[in-house]
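Colleague: my questions concern the predicted model and sequence given below.
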Amino acid sequence: MNPLTRRAAFLLVGLILTVTSARPVAAATCRPYGVGFGANELQPRTPCALELNVTSSTIKRIDPTATVVLGGQAFQDLPGHLASEFLTQILADADHPAAANFDIAAFHYYLPPNAAPQHFAEFKTALTRFGIGDRPVWITEAGLPSCPTLMGADQDRGFEAQAQWLDQTLPSLVDLGASRVFWFQLDENPYAPSGFGLLGPDLITRPAYVALQGLVAASQVGA
């Protein structure tokens with residue numbers, strides 16, 4: 001990837017859906033059980049595909065130049081509902097095919113670094129199957145919690161493991177083809193700690209923040 005392009009992708013990490021052009025960016029999110037961030041597989045595909053259609057058409061009616069981002073799936077299987085089937089189901093919906101209702105595809109990534117190529121390939125394969133393989137892909141959430149009591153966290157290394165995950169995973173996602181990668185989250189909320197913050201509740205930098213600085217600095221070389 002062009003170093004300048006990579007830098008642009010990294011600079012967005014840790015920010016909140018930053019608008020990088022004159023065109024507004026809106027997230028058309030869909031859940032089978034209601035409109036919100038993300039996408040899960042709790043009910044048949046029709047409610048979600050319908051919600052996406054309604055949300056997207058409303059956004060475009062308000063501003064035809066707006067860029068609509070698909071609400072990201074998180075690759076978390078639920079009983080009887082494989083996460084890998086979600087995108088295919090909404091794209092194949094007979095009444096409200098999803099391809100017509102978003103400009104940018106997206107997913108969330110909280111898994112081990114070595115699993116990224118497989119999930120990215122599966123995601124792109126689904127897009128290609130429905131004729132939109134060239135659509136940009138954003139990773140609208142990515143992260144690893146530093147708190148050892150939280151699911152997915154390293155039980156022994158905490159902040160060190162979080163920094164290592166960031167250093168390995170973010171470049172991998174960009175190299176795989178992600179146009180933008182967003183870290184969840186920038187600073188830790190002292191009233192609802194999640195362990196994902198690059199900054200502590202006192203706004204003191206954590207090792208992951210330093211790792212991000214290193215990625216940005218390295219991406220500037222030769223830009």
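Modeller: Nice, I can see it.

Colleague: so where do the strands sit in this protein?
Modeller: Using DSSP state E, the strands of the chain run over residues 25-28, 67-70, 105-109, 137-142, 180-183.

Colleague: dump those strands into CSV; add distance to Glu160 as well.
Modeller: Glycine gets a C-beta too; all of them are placed from N, C-alpha and C. Below are these laid out as CSV (distance: least, Cβ to Cβ, whole Å):
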stretch, distance to Glu160
strand 25-28, 32
strand 67-70, 32
strand 105-109, 20
strand 137-142, 18
strand 180-183, 17
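
Colleague: closest to Gly80 out of those strands?
Modeller: Relative to Gly80, the nearest member of these by Cβ to Cβ is strand 105-109, separated by 20.8 Å.

Colleague: state the mean pLDDT of the closest one.
Modeller: Strand 105-109 carries an average pLDDT of 95.

Colleague: one more: stretch 211-223?
Modeller: Model confidence over stretch 211-223, given as mean pLDDT, is 81.

Colleague: ok, stretch 138-157 next?
Modeller: The average of the pLDDT scores along stretch 138-157 is 77.

Colleague: so where's the chain shaky on pLDDT?
Modeller: Along the chain, segments meeting pLDDT under 70 span 1-46, 148-156, 221-223.

Colleague: mean neighbour count and distance to Leu166 added to the strands of the chain, as a markdown table?
Modeller: Putting these into a markdown table (neighbours: other Cβ atoms under 10 Å; distance: least, Cβ to Cβ, whole Å) gives the following:
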| stretch | mean neighbour count | distance to Leu166 |
| --- | --- | --- |
| strand 25-28 | 21 | 23 |
| strand 67-70 | 22 | 22 |
| strand 105-109 | 25 | 11 |
| strand 137-142 | 24 | 8 |
| strand 180-183 | 24 | 7 |
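
Colleague: which one of these lies closest to Arg129?
Modeller: Set against Arg129 and scored by Cβ to Cβ, those come closest in strand 105-109, at 12.7 Å.

Colleague: specify the angle between that closest one and strand 137-142 in degrees.
Modeller: Strand 105-109 runs at 30 degrees relative to strand 137-142, counting by axes from the mean of the first three to the mean of the last three Cα atoms, to 10 degrees.

Colleague: run through the neighbouring helices and strands of strand 105-109.
Modeller: Under the contact criterion of 3 or more Cβ pairs under 8 Å, 6 or more residues apart in numbering; DSSP states H and E, strand 105-109 touches strand 67-70, helix 116-129, strand 137-142.

Colleague: let's see it at 10 Å
Modeller: In terms of contacts (3 or more Cβ pairs under 10 Å, 6 or more residues apart in numbering; DSSP states H and E), strand 105-109 is packed against strand 67-70, helix 86-92, helix 116-129, strand 137-142, helix 159-176, strand 180-183.
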